[in-house]
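In: Let's see this in three dimensions:
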Amino acid sequence: MSAETNKGPVLGMRHVQALLIFLNITTIFIGRLNVGVSVVAMTNAETTNPDFPEYDWTEAEKSYIFSSFFWGYIFTQFLGGYLCKSFGVKSVMFWGVFGSGVCSALTPLFIGFGEWKAYCGIRVLMGLAQGVIFPCIHQHLAKWSPPAERNRLGALSHSGMECGNVSAMFLSGMIAKSAIGWPGISYVSAGLAFAWCAFWFIFAANNAVESRYIGEAELHYIESSLKHSENHHKTVIPVPWMAIFTSAPFLALTVVRCCATWGLSTLQAQIPTYMNGVLGMDMKSNAFFSALPFLAMWIMSYVYLITADVLLAGNRLSLTALRKTFNSLAFWIPSATLIGIGFLDMDQKNLAIALMTISVGVNSGATIGSSINTIDLSPNHASILMGIVNTVVTVVPIVTPLVVGVIVHEDNNRAEWQIVFIIAAVLLFIGNCVFLCFGTAVSQPWDAEDYLTVKEPKLTITPSIHETGKGIDGSPKKSLM
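Out: From the prediction side, this is the model:
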């Protein structure tokens, strides 16, 4: 039998969905991360626009504001995975982003009434709203991405994180200095969220079957490659909880994502303080140096994407081998540079900036390496897996500053900072070793739609579609048209 040659349009609705997710991630990251610039503008009006209220907040109060988002974010990750399986990704993601936009719009009003305590409160609510979004994103990618394109569409959409990081720093700084001042940062963030909701409402669909704009060729390509059953889109597949929590590949993914977050949070939050205290560099006041690592991360994400496409298209690496190779680069190179930064002197500032930029830039490979691995393991339960992983992972940025606070008593003490960097480097190294041993990009047996209805399910791991490149030989289902 001849191989399937009709793969739909080169650019189709699946790419529109990936673009919507990219814009979604960019938008929510701008709303999440603009707090750094906003707090500076509120507590030091002379650096931005002095026509707006200025507040005298202590460093402790500022730290509460910075962390308050995650107080809410951690509680709705698991809920988001459950809701989008029950009610569909389109509605859950819409209300999550809309709620985040409302919180942004109300932020200046809350601050006017209750200052930093009210700021913390509205940030908690924003965290609750945004917590449902990433489980929805992974479920949406699983529903819309043909296995052969899953890596590309997933990486493209997730590059919105780097775009959001860079945009939050540059846009927030320019807005704070403009005529609308620091309140404008929240208003612009809200406007972006509401604009995205409008596009999402018009163009998004829970799956290809429900899309109003998709062509028959692309619909057949997507649905046939995903190998769905006849009533797949009409039923809610039971979640095999015990199989998930006892799955070695899933547990390995959870471990590696926790280690990745520890390393990245150390790079993001602690190295600027180290460079200020030990190397005498005020990184936070220099927008270029602050944004440079994330600009490198954004550029490198596309380098990794192009390289991955070339390697997979030429069958030079299996998807599992590709994931592990990229993850090793993304973990072990920053592990080495973290230790190296701890041994630099004050006359080696340029080298320190270069090493930090390399660390953050190379770390972008973790998106292809392990971040989207939930979709490989279980396309049917990707939202549940992401909800579990993100719930555990969100604890890390809360714990990391506490550990640093216990170790570092003086910002200019190099020896204490070296301990912090060594801990992060060791976790990055060990986390990747766990992933190398137990990780895989092969769909697991418990992903099967009838897994819980079979009395004695087979324990052998079936090859993923990524690995074999085989589709099904049936004609498109009439009920799907």
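In: show me where pLDDT drops low in the chain?
Out: For the chain, applying pLDDT under 70 flags the ranges 1-8, 45, 47, 227-236, 268-273, 275-290, 411, 450-481.
In: what about stretch 201-213, distance to the chain center?
Out: Centroid separation between stretch 201-213 and its chain, computed with CA atoms, centre = their mean, to the nearest Å, is 23 Å.
In: hey, where'd the helices end up in the stretch 201-350 of the chain?
Out: Counting by DSSP state H, counting those that start in this stretch, the stretch 201-350 of the chain forms helices over residues 216-226, 241-245, 248-265, 271-277, 287-313, 319-341, 349-362, given from the N-terminal end onward.
In: out of those helices, which comes closest to K143?
Out: Evaluated over these, closeness to K143 peaks at helix 216-226, with 7.9 Å, by CB to CB. Heads up, the C-betas are built off the backbone N, CA and C, glycines and all.
In: counting contacts, what elements does the closest one pack onto?
Out: Contact here means 3 or more CB pairs under 8 Å, 6 or more residues apart in numbering; DSSP states H and E; on that basis helix 216-226 packs against helix 13-33.
In: For the helix it packs on, which residues meet the burial criterion?
Out: In terms of neighbour count (16 or more other CB atoms under 10 Å), helix 13-33 has its buried residues at 13-33.
In: picking that back up, so can I have a markdown table of the helices of the stretch 201-350 of the chain showing distance to Y73 and mean neighbour count?
Out: Below are the helices of the stretch 201-350 of the chain laid out as a markdown table (distance: least, CB to CB, whole Å; neighbours: other CB atoms under 10 Å):
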| stretch | distance to Y73 | mean neighbour count |
| --- | --- | --- |
| helix 216-226 | 30 | 20 |
| helix 241-245 | 22 | 14 |
| helix 248-265 | 12 | 22 |
| helix 271-277 | 22 | 21 |
| helix 287-313 | 20 | 18 |
| helix 319-341 | 23 | 21 |
| helix 349-362 | 22 | 20 |
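In: Which one of those helices lies nearest to C437?
Out: Set against C437 and scored by CB to CB, those come closest in helix 248-265, at 7.2 Å.
In: which residues touch the closest one?
Out: 244-245, 327, 330-331, 334-335, 338, 360, 363, 366, 370-371, 373-374, 377, 385, 388-389, 392-393, 396-397, 400, 424-425, 427-428, 430-432, 434-435, 437-440, 442, 444 (CB atoms under 8 Å, 6 or more residues apart in numbering).
In: Could you rerun that using 7 Å?
Out: For helix 248-265, the surrounding residues in contact (CB atoms under 7 Å, 6 or more residues apart in numbering) are 244, 327, 331, 334, 363, 366, 370, 373-374, 377, 385, 389, 392-393, 396-397, 400, 424, 427-428, 430-432, 434-435, 438-440, 444.
In: Got a PyMOL select line for the buried ones in the residues you listed?
Out: The following PyMOL selection, which keeps only the buried ones among those, applies the criterion 16+ other CB under 10 Å:
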select buried, resi 244+327+331+334+363+366+370+373+374+377+385+389+392+393+396+397+400+424+427+428+431+432+434+435+438+439+440+444
